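J.: Make a model of this:
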Amino acid sequence: MSLGLILALLTGCAGDTGTKTPSVKSPAAPVQTAAFSVNHPDTLPESLTIRLRDHRGYLFARTMVNGRNAGMFMFDTGSSLNVVSTGVAGRLGLPTAGSSVATGVGGAQAFDFRPVRSLEFGGVGVAGDQMAAISLHTMSRALGTSVSGLIGIRALNGLPFTLDYQEPSLTIYRRDTFKAPKDAPVFPARFDLVGLPVIDAEVGNGHKVWLILDSGADNALTLPRRCLTDWPEIVSVKNSGSGASSGIGGSVASTNTWLGRLKIFGLDLKNTPVTFEEATGALARQPKPIGRVGGEMLKNFRLTIDPQGRRIWALWLPGTAE
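T.: I've put the predicted structure just below:
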């Protein structure tokens, strides 16, 4: 059971929610203390950089919930939800306000919504008046560090941002003064899968797939098993190993090997490590196979993402990340 497969459950797959929740007001709590907030974008400087802590390729920052220290949260471009660990939710006394279902690697799992009055990530106020309370014990044990929660991509309120693994840092931009990077090519992107960044890619000899850019997964590339079944010629090694992907809803068998060819962001890459696993939930219902690009590959890029403009600038910086 690999680390990346443990983490994949709480990324893009965790946003398949369909239950409406009642509006429940959080108990009295301190107002937001951050000097800047994405909830008031007109008051932001032209660019605002959050310094992140890199732990084994995952990016973290100190987070405040309702004005109180909630611990280190991971920034996860593959999560449509803000997540707080059940232990931290209990310590902070966050009330329950309805429930829903997250769809992950092994199926579905129910969770509680916890309303919050303020949420600050790395000293910047971010969007989200409720969080999903999910146990992060397995993730913390696998990473060897305490994971108190996840900040999902929608917490940036649709503003353009740059994710830089080399610094490491997250830079947020005002929309009205945002300037496209001059040193990186631009590519179209989709954001209609619960707000997650999805790009077009090709595997093998021109087979089309969609890939979620998922900073919360460590595998270089994860594809649905149907790709291996329908296009067996896409791998350069038939099967180099097997394992189990564990996450929300249980576990599912996986196959680990190498992809002969991957065309992504205008690059033609050879022999990319790949994990094949069964797609579940919303991912299984897409017209094209949909997989994930994890931190092991993303760390070779500096990515500027514009959700509202549906564009991504990707500067290839191979070998520069730790």
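J.: For residue 88, give me phi and psi.
T.: For residue 88, the backbone dihedrals (degrees, to the nearest 10) come out as phi -70, psi -40.
J.: What residue, apart from its backbone neighbours, is nearest it spatially?
T.: Using Cβ to Cβ, 6 or more residues apart in numbering and skipping residues adjacent in sequence, the residue nearest residue 88 is residue 148, 4.9 Å away. C-beta: built from backbone N, CA, C; applies to glycine.
J.: From what I see, that neighbour and residue 86 are in contact.
T.: No. If you go by Cβ atoms under 8 Å, residue 148 and residue 86 don't touch, sitting 10.7 Å apart.
J.: So which of the two has more stuff around it?
T.: Per other Cβ atoms under 10 Å, whichever of residue 148 and residue 86 has more neighbours is residue 148, with 23 against 18.
J.: Which neighbouring elements make contact with whatever helix or strand residue 256 lives in?
T.: Per DSSP states H and E: residue 256 is located in strand 250-264. Under the contact definition 3 or more Cβ pairs under 8 Å, 6 or more residues apart in numbering; DSSP states H and E, strand 250-264 sits against strand 196-203, strand 221-224, strand 235-247, strand 267-277.
J.: what about residue 132, how many neighbours?
T.: With other Cβ under 10 Å as criterion, residue 132 counts 26.
J.: I'd assumed it was in a strand, is it?
T.: Yes. Assigned with DSSP: H, G, I helix; E, B strand; the rest coil, residue 132 falls within a strand.
J.: so who does it touch?
T.: The neighbours of residue 132, taking Cβ atoms under 8 Å, 6 or more residues apart in numbering as the test, are 14, 81-84, 100, 102, 111-114.
J.: If you go by neighbour count, which of these are buried?
T.: For the contacts of residue 132, a burial check counting by 16 or more other Cβ atoms under 10 Å picks out 14, 81-84, 100, 102, 111-114.
J.: nearest to residue 125, of the contacts of residue 132?
T.: Lowest distance from residue 125 to the contacts of residue 132 (Cβ to Cβ) belongs to residue 82, with 12.6 Å.
J.: dump the residue contacts of that closest one.
T.: 119, 126, 128, 130-132, 149-152, 154-155.
J.: In helices only, show me those.
T.: Per DSSP state H, helices hold no members of the contacts of residue 82.
J.: and which of those is nearest residue 75?
T.: residue 151 (5.2 Å).
J.: Distance check, that closest one against residue 293.
T.: Applying Cβ to Cβ, to the nearest Å, the value for residue 151 to residue 293 is 19 Å.
J.: what does the model give residue 33 for pLDDT?
T.: Confidence at residue 33, expressed as pLDDT, is 81.
J.: which SS class is it?
T.: Quick answer, by three-state DSSP: residue 33 is coil.
J.: Residue 162 too?
T.: Going by three-state DSSP: residue 162 is strand.
J.: so where's the protein shaky on pLDDT?
T.: 1-32, 103-109, 239-252, 319-322 (pLDDT under 70).
J.: If we use 80, what do you get?
T.: 1-32, 101-110, 138, 142, 218, 238-254, 280-284, 319-322 (pLDDT under 80).
J.: what residues are up against the closest residue to residue 255 other than its chain neighbours?
T.: Taking Cβ to Cβ, 6+ apart, and ignoring the residues beside it in sequence, residue 255 has residue 276 as its nearest neighbour in space, at 4.5 Å. Each residue near residue 276 by Cβ under 8 Å, 6+ apart is listed here: 222-225, 227-228, 254-257.
J.: try residue 59
T.: Contacts of residue 59 (Cβ under 8 Å, 6+ apart): 52-53, 74-75, 163, 165, 168, 170, 215.
J.: Would it be right to say that it lies in a strand?
T.: Yes. Assessed with three-state DSSP, residue 59 lies in a strand.
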